[in-house]
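Here is a sequence together with a model predicted from it:
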Amino acid sequence: MAATSSTDVSQVHSMKVGEVATVNVDGHPERTDSPEFLHAKAAAHKIITTLPDLFQGPGDYQMHHGGSLWLHDGKGWLLVLNEAGIEWSSQFCADPAKIEVLRQNAERIYAGFPESEKQLSALGYPGTGLLHTPITDATGVAKWTDSIFNSCVPLNQHFHIGFAKSGTIGEHNDPKPITDIQHFKVDSFQLLVMDPATGAHAAVVPVGPPGSGQSEVQVVHTSEKHPLAGELAKAQTADRRLILPADHPIAKAAFVNQT
């Protein structure tokens, strides 16, 4: 979003992100919804009403700045993602030349779906011209960041900014390769296992396919305070997997709903 209020932009700001993470970002004015983002959200919500359901699951959708490219193939809408998404705060360290590469990539993709721009305009979206406007400065980066070509990946609140103790993990709290798993795993497998002592979570996956009889699990991620965090870091540094045996409490919890 293009910010509209003024603060001291020379200072690094500390931002709370989700449950425990604190990150430092470049100094910037306070965040407000830009006209570009308001137009993009309105169009995206109209698109969603035409879809029977979304892969990410039902909910009161929030719009995630994840590189959204909404395409129309003449039959209906579909969503693909650009090579990178630009989160709102990250625009202030963005190189316009690199964002221009993302714009060019999007322009080529849309060329293969010529119905898309007409359909966006029919929804009342006024920003299709951005798709063909070279990005050369911070103003162009801001407009692209909040356009429908970046800012409108629909996620419900839990999958957007949720944290593990609620049963889901959000894009802003855990790595995307981990958050993606919760959308395609079988319902009976417990991806997230909470540590009762610290309240921290570990994300685990089976080491074998269903029916293999293997009940070990691989730890693929932990929150910072989890007892296995250090062990996982050592395993990753050594380029090896961290496997927990079938009788480990975490493995038992992961398979508790399976027979």
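The structure has been received and is ready for your questions.

and T222, what are its phi and psi?
phi -140, psi 150 (degrees, to the nearest 10).

Does it touch G230 like I think?
No - T222 is not in contact with G230 according to CB atoms under 8 Å; the separation is 9.2 Å. Bear in mind the C-beta positions are built from the backbone N, C-alpha and C, glycine included.

Looking at these two, which is more packed in?
T222 (23 against 10; other CB atoms under 10 Å).

The more buried one bridge partners, please.
Per DSSP bridges, the residues bridged to T222 are A202.

Tell me, how many residues neighbour V219?
Count around V219 with other CB under 10 Å applied: 24.

and it, what is it in contact with?
202-204, 228, 232, 235, 242-244, 250 (CB atoms under 8 Å, 6 or more residues apart in numbering).

of all the residues you listed, which comes closest to I148?
Using CB to CB, A203 comes nearest to I148 of the contacts of V219, at 31.2 Å.

quick one: the residue nearest to that closest one when sequence neighbours are not counted from R108, how far?
Nearest residue to A203 in three dimensions, chain neighbours excluded: H221, at 4.2 Å (CB to CB, 6 or more residues apart in numbering). Distance of H221 to R108, given as CB to CB, to the nearest Å: 34 Å.

what does L120 give?
17 Å.

Looking at those two, which is more packed in?
For L120 versus R108, neighbours defined as other CB under 10 Å are more numerous around L120 (25 against 9).

Contact partners for the nearest residue to the more buried one once chain neighbours are set aside?
Leaving aside its sequence neighbours, L120 sits nearest to T128 (CB to CB, 6+ apart; 5.4 Å). Taking CB under 8 Å, 6+ apart, we find T128 in contact with 117, 120-121.

Strands along this structure, start to end?
13-17, 21-25, 62-64, 68-72, 77-81, 153-155, 192-194, 201-206, 217-222, 242-244 (DSSP state E).

tell me which residues in the fifth one are buried?
Neighbour-count burial for strand 77-81, counted by 16 or more other CB atoms under 10 Å, picks out 77, 79.

Point out where the stretch 101-250 of the chain drops to low pLDDT.
Residues of the stretch 101-250 of the chain that meet the criterion pLDDT under 70 lie in 157-174.

gap between the closest residue to F55 other than its chain neighbours and V217?
Leaving aside its sequence neighbours, F55 sits nearest to H183 (CB to CB, 6+ apart; 6.2 Å). For H183, the distance to V217 equals 19 Å [CB to CB].

between the two, who's got more neighbours?
Higher neighbour count among H183 and V217: V217, with 27 against 12, using other CB under 10 Å.

tally of neighbours for the spatially closest residue to that one that is not a sequence neighbour?
Once flanking residues are discounted, V217 sits nearest to V204: 4.1 Å by CB to CB, 6+ apart. Other residues lying near V204 total 29 when counted by other CB under 10 Å.

show me the contacts for V204.
With CB under 8 Å, 6+ apart, V204 has these contacts: 191, 193, 217-220, 244, 250-251, 254.

Which of the residues you listed lies at the shortest distance from C152?
Closest to C152, out of all of the contacts of V204 and judged by CB to CB, is L191, at 26.1 Å.

Run a quick neighbour tally on the closest one.
Other residues within reach of L191, judged by other CB under 10 Å, total 21.

Do I have it right that it meets I181?
Yes - under the criterion of CB under 8 Å, L191 makes contact with I181 at 5.6 Å.

quick one: common contacting residues for those two?
With CB under 8 Å, 6+ apart, L191 and I181 have common neighbours 203, 205.

Counting by contacts, list what the longest helix along the chain packs against.
Counting by DSSP state H, the longest helix found in the chain is helix 96-111. Applying 3 or more CB pairs under 8 Å, 6 or more residues apart in numbering; DSSP states H and E, one finds that helix 96-111 contacts strand 68-72, helix 138-145.
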